[in-house]
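# no FASTA, just this:
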């Protein structure tokens, strides 16, 4: 996969397979809405789609749609293997299991081409059998590119230790500036890796009013208030702040954005093509949100 062949927006499809997002009050979109989203996305230049075996029926739903697309449409499909339970099997056994997972994903996706195959659980990078199997999947042309979806700086550092990995998905947003401040994102780009930014809206947290926060996230109120103050003062929507801030980080190849209806994908496409963020606003964001607690920026630590 070349950076130039990837649309600036990658359509995230977790919403197609399961209820997702703290501000999502509508649940999963129905099949009619999903087809409308996918059709509109493709007609407007989106050619890259992010899914996973662990996203409920997402792979199958995406595959059913792609089955009827024109033969000359060749999407970039990113999917991920679910956490691999450690066991005492040998390297060949691990490879067979992972190869079967690829076959299963291809069947659901109705597509013999998986552009990028990622480890969904970054801890799997610590297992040499798994890494060797990922490399072998690429060498045997089962997949085109390999990589990992990460959560924190330690995951990124481990990714950089594996030269055979091509692609990384990493969290970055208005509140999560860890990889910007540490310069790790520059290091990834220096190694010519493809970078997908995810968690742009922090699972929808940015769209909750400060007084609407659930009890377990009340400690985010201070930062959310500050974000709304910036939005109001500069008359820029939260969505525009979130998208343009990440889009303007030059090392990032594509932003993974999930939507629940066509109106949202229309808005996101408009924002991705909007003017560059004002440098003063960027500096304010970097100053105010450089030390947001991990309990806020890491959804795995949110109490459910």
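Everything's here; your move. If you're wondering where the values come from, they're calculated on a predicted model, not measured in any experiment. Numbering: from 1, shown residues only.

# quick one, longest helix in the chain?
Ranked by residue count and defined by DSSP state H, the top helix of the chain is helix 91-109.

# what does it rub up against?
The contact list for helix 91-109 (CB atoms under 8 Å, 6 or more residues apart in numbering) reads 51, 53, 59-60, 62-63, 66, 77, 79, 81-82, 84, 89, 112, 114, 117, 127, 129-130, 132-134, 136-137, 142-143. From N, CA and C alone the C-beta is placed, and that goes for glycine too.

# Check which element follows it along the chain.
strand 116-119 (DSSP states H and E).

# List buried residues within the contacts of helix 91-109.
51, 53, 59-60, 62-63, 66, 77, 79, 81, 84, 114, 117, 129-130, 133-134, 136-137, 142-143 (16 or more other CB atoms under 10 Å).

# which residues touch residue 275?
Per CB under 8 Å, 6+ apart, neighbours of residue 275: residue 244.

# And stretch 60-68, how far out from the chain middle?
The chain centroid and the centroid of stretch 60-68 are separated by 20 Å, computed with CA atoms, centre = their mean, to the nearest Å.

# Report the helix or strand with the lowest average pLDDT across the protein.
helix 14-17 (a mean of 90; mean pLDDT, DSSP states H and E).

# Excluding its own residues, what touches the very next helix or strand once past that one? List them.
Proceeding N to C from helix 14-17, the next assigned helix or strand is helix 31-43, under DSSP H and E. When contacts are defined by CB under 8 Å, 6+ apart, helix 31-43 is touched by residues 9, 11, 16, 29, 61-62, 65, 69, 73, 75, 259-262, 265-266.

# average pLDDT for helix 31-43?
In this model, helix 31-43 has a mean pLDDT of 94.

# Which residue ranges of the stretch 101-250 of the chain form helices?
Per DSSP state H, counting those that start in this stretch, the stretch 101-250 of the chain carries helices over the ranges 128-139, 153-160, 178-181, 184-190, 221-234, 238-247.

# how about those in CSV, adding distance to residue 289 and mean pLDDT?
Below are these laid out as CSV (distance: least, CB to CB, whole Å; pLDDT from 0 to 100):
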stretch, distance to residue 289, mean pLDDT
helix 128-139, 34, 96
helix 153-160, 16, 96
helix 178-181, 10, 94
helix 184-190, 16, 95
helix 221-234, 7, 96
helix 238-247, 10, 97
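
# Dump the ones you listed to a markdown table, plus distance to residue 93.
Shown next, in a markdown table, are these (distance: least, CB to CB, whole Å):
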| stretch | distance to residue 93 |
| --- | --- |
| helix 128-139 | 8 |
| helix 153-160 | 23 |
| helix 178-181 | 35 |
| helix 184-190 | 32 |
| helix 221-234 | 47 |
| helix 238-247 | 40 |
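
# who wins for proximity to residue 204 among the ones you listed?
helix 238-247 (10.5 Å; CB to CB).

# Toward the C-terminus, what is the element adjacent to that closest one?
Proceeding C-terminally, helix 238-247 gives way to strand 254-258 as the next helix or strand, assigned by DSSP H and E.
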